[in-house]
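**Student:** Return atomic coordinates for the entry below.
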Amino acid sequence: MLSSSRVRGGLRGNLHFRATIPTREFGPCRSWSRPRSLHLAPPFLLDDYIPRYQLLSEVDASKKRSSAYAHLRNCNLCPRLCGVNRYETTGMCLIGDNVKVNVIAPHFGEEPCIQGHNGSGSVFFSGCNLRCTFCQNHDIAHQRNGFDLTPEELAQWYLKLQNVGQVHNINLITPEHVVPQVALSILHARDLGLKLPIVYNTSAFDSLASLELVDGLVDIYLPDFKVWNKATSQRLLKADDYASTAVESVKAMHAQVGDLCFTGDGIAKKGVLVRHLVMPGKEAEGEQIMKFLAENISRDIFVNIMEQYRPDAHVGKPKRRIRKETVGEGEQEVRYADINRPITKEEISVVRKAAEAVGLWRFCDPPRHDGFAI
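**Tutor:** Numbering: from 1, shown residues only. Below is the predicted model of the structure:
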């Protein structure tokens, strides 16, 4: 999962929109005819917010604990459906019944509405259920670096981030393969006094069963919708069904928490923020993703079109076998040569214009003032 380390977004740009009055919680809205230049406005502005896990009954919490333990004994939560007993062995993600964490710290590389002034309380989990050839966090996601924690120990770290770090939220980065442990840790942290919103920072390769388990525990979903075409998914993500899985995942996330909402300080508290990393030569897939979001999720969905792609992980590495007939003297073939370059401004512009053309308007843009971008 990406950490949006180069985001320059802001919330209080001079965006014009038609203010809306919701007719039901996340349903169609009536429009005022007068355009307004206030970014944080009803129904996206909250007076106050109580995290969803604080409202969970003890009966529902107990059911979630039982379900989490059951899934660890027969791991079928992520789309890989390994079916292993994680108390005894591991599956695709190579993680057992405890989580392996690379970094726990206040993080200032997220969207301004997530990191705020005090930072986002980020927990970078090691391992992943995807095998992205271009992974921007390769050293964390593809390598089992870090330290092991039980769900109870992880919960205590949440409290340290809250009480010592004074962060705005708990940001779970790449949690798709450790959902049972995450659910248990949130429930334990609630009993210890946690009061911060939970951010689920994901590749969008989640199953509906895993999202059902964290329903009522997660406040903000940060899915990174990567690619659209099946061939691209197979080649670059090593997953046959990424787009179809991501489509259903984002729908389920939005059904749970709706569009992104903020308190008056500009900090996001609840909703979905979709990221899309623009990749070299893949802008047509970005266009399809934007179209899907507008037509099937919400035109009020908050989108971060990211420009931070760089060749990493396996991209640009020498090929093991060189076909001499296609390589000149002194040259060497590299892997994934088609994406072995930075993206261009034109490629970013294509995706942005496509998003605007289908009616999306809530973007993570630089602020149009000299103040902080929150």
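**Student:** quick one, what contacts Ser67?
**Tutor:** Neighbouring residues of Ser67 by Cβ atoms under 8 Å, 6 or more residues apart in numbering: 180, 183, 213. All C-beta atoms are positioned from the backbone trio N, CA, C, and that covers glycine.
**Student:** which SS state does the closest residue in space to Leu55 that isn't next to it in sequence fall under?
**Tutor:** Spatially, and ignoring its direct neighbours in sequence, Leu55 is nearest to Gly216 (7.6 Å; Cβ to Cβ, 6 or more residues apart in numbering). When classified by DSSP: H, G, I helix; E, B strand; the rest coil, Gly216 comes out as coil.
**Student:** so what's Gly216 up against?
**Tutor:** Contacts for Gly216 (Cβ under 8 Å, 6+ apart) come out as 52-53, 55-56, 60, 64.
**Student:** Mind doing that once more with 7 Å?
**Tutor:** Going by Cβ atoms under 7 Å, 6 or more residues apart in numbering, Gly216 touches 52-53, 56, 60.
**Student:** Kindly supply the PyMOL command isolating those of those residues that are buried.
**Tutor:** For the buried members of the contacts of Gly216, the matching PyMOL selection, counting by 16 or more other Cβ atoms under 10 Å, is:
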select buried, resi 52+53+56
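**Student:** Which of the contacts of Gly216 fall in helices?
**Tutor:** Residues of these located in helices (DSSP state H): Asp60.
**Student:** Dump the contacts of Gly216 into TSV; add distance to Gly264 and pLDDT as well.
**Tutor:** Output for the contacts of Gly216, formatted as TSV (distance: Cβ to Cβ, whole Å; pLDDT from 0 to 100):
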residue	distance to Gly264	pLDDT
Arg52	20	98
Tyr53	23	98
Leu56	26	97
Asp60	31	98
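**Student:** ok, so of the contacts of Gly216, who is nearest Asp259?
**Tutor:** Of all the contacts of Gly216, the one with the least separation from Asp259 (Cβ to Cβ) is Arg52, at 15.4 Å.
**Student:** which residues does the closest one contact?
**Tutor:** Listed by Cβ under 7 Å, 6+ apart, the contact partners of Arg52 are 216-217, 219.
**Student:** Take those and write them to TSV, including distance to Phe205 and pLDDT.
**Tutor:** Shown next, in TSV, are those (distance: Cβ to Cβ, whole Å; pLDDT from 0 to 100):
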residue	distance to Phe205	pLDDT
Gly216	22	98
Leu217	19	98
Asp219	21	98
